[in-house]
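Asks: Coordinates only, no sequence provided:
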């Protein structure tokens, strides 16, 4: 796939920088123990459209979200669904994992990501 710039709201730049400085334990683990060493480049806390993606790979048009407890309320799930629909409209694939999946089944999460990246 080719790289494509997805416009974003400039006011999201500072919050994304703050999120990069203070990742959740699951985000930290996924980044430092896996994503940053892959041959395809991922960025952390990337502003895309009206949202900030936990991890984004421009070459694959892939967003990886790591969801904690705050994502399980009805309101949060509606927000996540809107966000996913809007990102998919930009041609971006969104994959979600829970904090528990990352922490308790790390190899499974990494394997899933590798399979997604390997698909033509």
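Replies: Received it, and whenever you're ready, just let me know what you need. If you're wondering where the values come from, they're calculated on a predicted model, not measured in any experiment.
Asks: chain center to the longest helix anywhere in the chain, what's the gap?
Replies: Across the chain, the longest stretch assigned as helix under DSSP state H is helix 74-89. When distances are taken as C-alpha atoms, centre = their mean, to the nearest Å, helix 74-89 is centred 13 Å away from the chain's centroid.
Asks: Only the buried residues of it, if you could.
Replies: For helix 74-89, burial by neighbour count (16 or more other C-beta atoms under 10 Å) applies to 80, 83-84, 87. For glycine as for every other residue, the C-beta is placed from the backbone atoms N, C-alpha and C.
Asks: next structured bit after it?
Replies: For helix 74-89, the following helix or strand on the C-terminal side (DSSP states H and E) is strand 93-98.
Asks: after the least confident helix or strand in the chain by mean pLDDT comes which helix or strand?
Replies: Among the helices and strands of the chain, helix 13-21 carries the lowest confidence by mean pLDDT, DSSP states H and E, at a mean of 70. With elements assigned by DSSP H and E, the helix or strand that comes after helix 13-21 is helix 25-33.
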